[in-house]
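**Student:** My questions concern the predicted model and sequence given below.
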Amino acid sequence: MTTRWKRLGMAAASVALIATTLTACSTTESGSTTSSASADGLTPVKLQLQWFKQGQFAGYLAAVDQGFYRDQGLDVQIVDGGTDIVPQTVLAQGQADYAIAWVPKALASREAGAGITDVAQVFQKSGSRQVSFKNANINSPADFRGKTVGNWGYGNEFELFAGMTKAGLNPASDVTLVQQQFDMNGLLSGDIAAAQATSYNEYAQLLETTNPATGQLYTPDDFTTIDWNSDGVSMLQDAIWANTEKLNDQAYKDQTVKFIAASLKGWAFCRDNVEKCRDITVAAGSTLGASHQLWQVNEVNKLIWPSPEGIGMIDESKWNQTVEIAKSARNAEGSTVLTQDPDAEAYTNEYVTQALDMLKTDGVDVTGESYTPQEVTLEEGGK
């Protein structure tokens, strides 16, 4: 980790490359996007994802597939992310109308000057985990001492450093940090003792792998998982971010309410139609298999539902916890994610509240109080 939290402003050249490929919107002198109605009267809207299309984003894919955006007068194009794409930067530079990003890394970008605002907090729980083989005897962050610890970087590792900080570990000297690929091969090969994972993706990759000792797939009993929610250092993750400057424009404000309403309706649809959303995600071009995508949609639902205050509402206490951890947890170089509190425009419940009122009027269940997850059987390789 050679710079402050893994080059938070990173990849300007990559963002410039992205800009050349996004052609549906024009750009004003101030750098904000403007949209003109398409031939069918719909307003073109561009959504920048944090990663490639997968179950993590099933609600947005469903909103396209089921016509929820179209019902709001929007023609939404969903753009893949990747390791060299910073969605909040794409948004701030006017190359997308909205973006999906984890809160701490987006706040770091905002502190660095990106004009972005969290307008709907979709994930209410963290999906981040640190996973080890059970025989490694790693049962808490304190047990990382003297071990090889994997992290992805790119702003995805903040909770890991928060957990080590809370446990009194110095990540520069008490552990051996390993740059981890976005898979679990390092753990499976023995190169990493504790590997970073999300509950909905990389953890499933382990359970889709054959245990050479038994000839059967690995099971949860083979691993020990540290859940940052339980450890008290969880941070808010997937949120819908809007362009702060454009929120001064009434047309963009109205569009934002409509976009949020349709997106949240998509997530309510995926709560109630897990198999259908698996099929939508696979059809959208994911290279991951059907059982893996079913697992993803089911696990992501657990991070969203139930939402007692309404899906997308930003909980002030969870926001404050994210900010405090971002200001206090230190990486291997002693740096923190944030150096000060974000300003008042960093988040707002104004638009999601209006969107929820629209959905409730239409009879959509926006709290999911009776939600129960499914049991998913993974196949080898996630097929």
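**Tutor:** Arrived safely, thanks for sending. Numbers count the residues shown, from 1 in each chain.
**Student:** Relative to Phe182, how far out is the closest residue to Val337 other than its chain neighbours?
**Tutor:** The shortest distance from Val337 to any non-neighbouring residue, by Cβ to Cβ, 6 or more residues apart in numbering, is to Ala326 (3.9 Å). Where C-beta positions appear, they are placed from N, C-alpha and C, glycine not excepted. As judged by Cβ to Cβ, to the nearest Å, Ala326 and Phe182 stand 22 Å apart.
**Student:** where along the chain do the strands fall?
**Tutor:** 26-27, 33-34, 43-48, 74-79, 98-101, 116-120, 128-133, 148-151, 176-179, 195-198, 223-227, 239-243 (DSSP state E).
**Student:** And the helices in the stretch 51-200 of the chain?
**Tutor:** 58-65, 68-71, 87-92, 103-111, 158-166, 185-189 (DSSP state H, counting those that start in this stretch).
**Student:** Could you tell me the end-to-end distance of stretch 174-184?
**Tutor:** 23 Å (Cα to Cα, to the nearest Å).
**Student:** I misspoke; the intended subject was stretch 135-155.
**Tutor:** Terminal-residue distance, stretch 135-155 (Cα to Cα): 29 Å.
**Student:** related to what we said a few turns ago, adding distance to Ser140, write the strands of the chain out as CSV.
**Tutor:** Listed next are these as CSV, based on distance: least, Cβ to Cβ, whole Å:
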stretch, distance to Ser140
strand 26-27, 49
strand 33-34, 46
strand 43-48, 36
strand 74-79, 39
strand 98-101, 29
strand 116-120, 31
strand 128-133, 10
strand 148-151, 13
strand 176-179, 18
strand 195-198, 16
strand 223-227, 7
strand 239-243, 29
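**Student:** which stretch among those comes nearest Gln340?
**Tutor:** strand 116-120 (16.6 Å; Cβ to Cβ).
**Student:** how far does that closest one sit from the chain's center?
**Tutor:** 13 Å (Cα atoms, centre = their mean, to the nearest Å).
**Student:** re the thing from before, which among the helices of the stretch 51-200 of the chain is found nearest to Thr198?
**Tutor:** helix 158-166 (11.1 Å).
**Student:** relative to helix 103-111, how tilted is the closest one?
**Tutor:** Interaxial angle, helix 158-166 versus helix 103-111 (axes from the mean of the first three to the mean of the last three Cα atoms, to 10 degrees): 100 degrees.
**Student:** List every C-alpha atom in helix 158-166, with coordinates, as CSV.
**Tutor:** The C-alpha trace of helix 158-166 is given here as CSV (Å, rounded to 0.1, in the frame of the first residue of the first chain):
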residue,chain,number,x,y,z
PHE,A,158,-11.1,0.0,5.0
GLU,A,159,-13.1,-2.3,7.4
LEU,A,160,-10.1,-4.7,7.5
PHE,A,161,-7.8,-1.9,8.7
ALA,A,162,-10.5,-0.8,11.1
GLY,A,163,-10.7,-4.3,12.6
MET,A,164,-7.0,-4.4,13.0
THR,A,165,-6.9,-0.9,14.6
LYS,A,166,-9.6,-1.9,17.1
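**Student:** which of Ala326 and Phe182 has more neighbours?
**Tutor:** Ala326 (24 against 17; other Cβ atoms under 10 Å).
**Student:** so that one touches Ala106, yeah?
**Tutor:** No. Contact criterion Cβ atoms under 8 Å: Ala326 and Ala106 do not qualify, at 10.6 Å.
**Student:** looking at it, Thr209 is touching Gln216, isn't it?
**Tutor:** No. Taking Cβ under 8 Å as the definition, Thr209 is not a contact partner of Gln216, at 10.4 Å.
**Student:** Look at those two and report which has more neighbours.
**Tutor:** More neighbours surround Thr209 than the other of Thr209 and Gln216, with 18 against 9 (other Cβ under 10 Å).
**Student:** show me what contacts the more buried one?
**Tutor:** Neighbour list for Thr209: 184, 188, 217-218, 380 [criterion: Cβ atoms under 8 Å, 6 or more residues apart in numbering].
**Student:** closest to Ile314 among these?
**Tutor:** Looking across the contacts of Thr209 and measuring by Cβ to Cβ, the closest to Ile314 is Met184, at 31.9 Å.
**Student:** Alright, I will stop here.
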